[in-house]
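J.: model this:
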Amino acid sequence: MRLIVTRFICFAGLIAALQTVTSTRAFAQSLRGGEIRLAAIASGEERKSQGDLWVLDVYFKPMRMIPVELTDPKTKEKKLEYVWYIVYRGFNHKFEDLGTDNTPVNDFDPPVAPQQFIPEFTLVVSDNDKHEVFSDQVIPEALEAINKREKGHYKSAVSIVGPIPEATQAGSGGEVAIEGVAMWRGIDPDADRYSVFMTGFSNSIRKVNGPDGTPIVQTKTIMQKYWRRGDRFDQSEQEILLDGDTQWIYR
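T.: Here you go, the predicted model:
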C-alpha cells in the first residue's frame, strides 16, 4: 500500500512539473489584454525564392489613443493632443521543413548579415474625400505615458531597430520578443475609415510589373483596416473598431 501511495505521489509531482514547464514555454506567446495574433505565414514559393527568408509571428493590441501634454518644438508651449498608437510584439520562429531537395535561389540582392528589424507603420485616412498619410513618429512624452498605461517597456520605431533574434522553435521557451509601439499625432477626428500598413516584420519581397511594364519590388506587409464614427468632441478609443481581418499582403 505504501509503495502504491509513493508511486502516486511521484507521478503527481511529475505531472505538476510538466505542467509548469508547459506553462513557462507558452507564457512568452500568451495573448495579453485583447491582443491579436497574426501567424508567420510563408508559401513554398516564398521560401524557395529566398534562402534567408524570415517572417515574424506578430501580436498587437487594438488601436488606442491617449491624451498627452506635448511640447511644441517651436514655441516650447505644451498642448493637449490625442496620440494614436499600437503596441506590438514579434517572435522569430523556425519554419517547418518543406520536405524538398530544391535549393533556394535568391534573385534579389545578397542577404545582409545580420538581418535587421526596421519597422515602418503607415496610417492612411481614406474617407471624407480625403487621403492623408501619417508615418509612425517618435514622441518621447507619449512613449512614457503609453508605457506607464500599458505597464510595459515598449520601444519607439528608432530605439527598437536592431538585429532579428535568432529563430527558435515555437513553444521552446527560448523565444526572444521584440516589443515596440507605433505612434501618430494629428489624426483627423472626423474621419471614419483608416488603414494601417506595417512593414519590417518580414524580409520577403517579390518582383512584379508596374502599370507601365517596369519591374517594381514589393515588400511583404501587414494590413489592418479600422473604422469609427467620426466625432472630434467625443474621442474614444472604444469606438475604433477592426474592419475585416488582419492580412499579409505585398505592396
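
J.: top strand in the protein by residue count?
T.: strand 78-92 (DSSP state E).

J.: give me the helices and strands touching it, please.
T.: The helices and strands touching strand 78-92, judged by 3 or more CB pairs under 8 Å, 6 or more residues apart in numbering; DSSP states H and E, are strand 56-60, strand 64-71, helix 140-150, strand 178-185. (C-beta placed from N, C-alpha, C; glycine too.)

J.: could you give the angle of that strand to strand 56-60?
T.: Counting by axes from the mean of the first three to the mean of the last three CA atoms, to 10 degrees, strand 78-92 lies at 140 degrees to strand 56-60.

J.: what comes up buried for strand 78-92?
T.: Of all the residues in strand 78-92, those buried under the rule 16 or more other CB atoms under 10 Å are 81, 82, 83, 84, 85, 86, 87, 88, 89, 90, 91, 92.

J.: I'd like those residues as JSON lines, with pLDDT appended.
T.: Below are these laid out as JSON lines (pLDDT from 0 to 100):
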{"residue": "81", "pLDDT": "93"}
{"residue": "82", "pLDDT": "93"}
{"residue": "83", "pLDDT": "96"}
{"residue": "84", "pLDDT": "96"}
{"residue": "85", "pLDDT": "97"}
{"residue": "86", "pLDDT": "97"}
{"residue": "87", "pLDDT": "97"}
{"residue": "88", "pLDDT": "98"}
{"residue": "89", "pLDDT": "97"}
{"residue": "90", "pLDDT": "97"}
{"residue": "91", "pLDDT": "96"}
{"residue": "92", "pLDDT": "96"}
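
J.: of the helices and strands packed on strand 78-92, which is nearest residue 167?
T.: Relative to residue 167, the nearest member of these by CB to CB is strand 56-60, separated by 9.9 Å.

J.: partner strands of that closest one and their direction?
T.: For strand 56-60, the paired strands and their directions (DSSP bridges) read strand 36-38 (antiparallel), strand 78-92 (antiparallel).
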